[in-house]
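Next come a sequence and a model predicted from it.
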Amino acid sequence: QVQLVESGGGLVQAGGSLRLSCAASGRTFNTYIMGWFRQALGKEREFLAAIKWSSGTTYYADSVLGRFTISRDNAKNTVYLQMNRLKPEDTAVYYCAASSSYSTYYARSQDYAYWGQGTQVTVSS
């Protein structure tokens, strides 16, 4: 089992920045990929970014490309999501997720076995 704990959410004005963290614990040694998703009220869960744990290869949704950056610190078993130029439409609960399966498609939430509890991000206009 892998446990994920997100932190770093909060209230920020439009145009501001936040950095989310996701600390992984438990059986993390075989983690293949970690991703960030978000879910706004009344909407489906949306893929944002993912990173392969070993190679560092990254993937982004078009909606956040150029504004959000995913990174990882292998020594701390932590993945980050740096969010810049935030917009009111970025308001959502943000989740990190992890998978140990090499068949994981990075943007498909159903492929991730482990999820954090989520952290709220609210962007005011």
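Perfect, I can see it now.

Residue 61 touches residue 90, doesn't it?
No. Contact between residue 61 and residue 90 fails when scored by CB atoms under 8 Å: they sit 11.8 Å apart. To be clear about C-beta, it is placed using only N, CA and C from the backbone, and glycine gets the same treatment.

Settle it for me: which of the two has more neighbours?
Neighbours were counted for residue 61 and for residue 90 using other CB atoms under 10 Å; residue 90 has more, 22 against 16.

what separates the residue nearest to the more buried one when sequence neighbours are not counted from residue 111, distance-wise?
On the basis of CB to CB, 6 or more residues apart in numbering, the spatially nearest residue to residue 90 that is not a chain neighbour turns out to be residue 123, at 5.1 Å. Here the criterion is CB to CB, to the nearest Å. By it, residue 123 lies 28 Å from residue 111.

if you count what's nearby, which of those two comes out ahead?
When neighbours are counted by other CB under 10 Å, residue 123 comes out ahead of the other of residue 123 and residue 111, with 19 against 15.

Contacts only, for the more buried one.
When contacts are counted by CB atoms under 8 Å, 6 or more residues apart in numbering, residue 123 is found next to 11, 12, 13, 14, 16, 86, 87, 88, 89, 90, 91.
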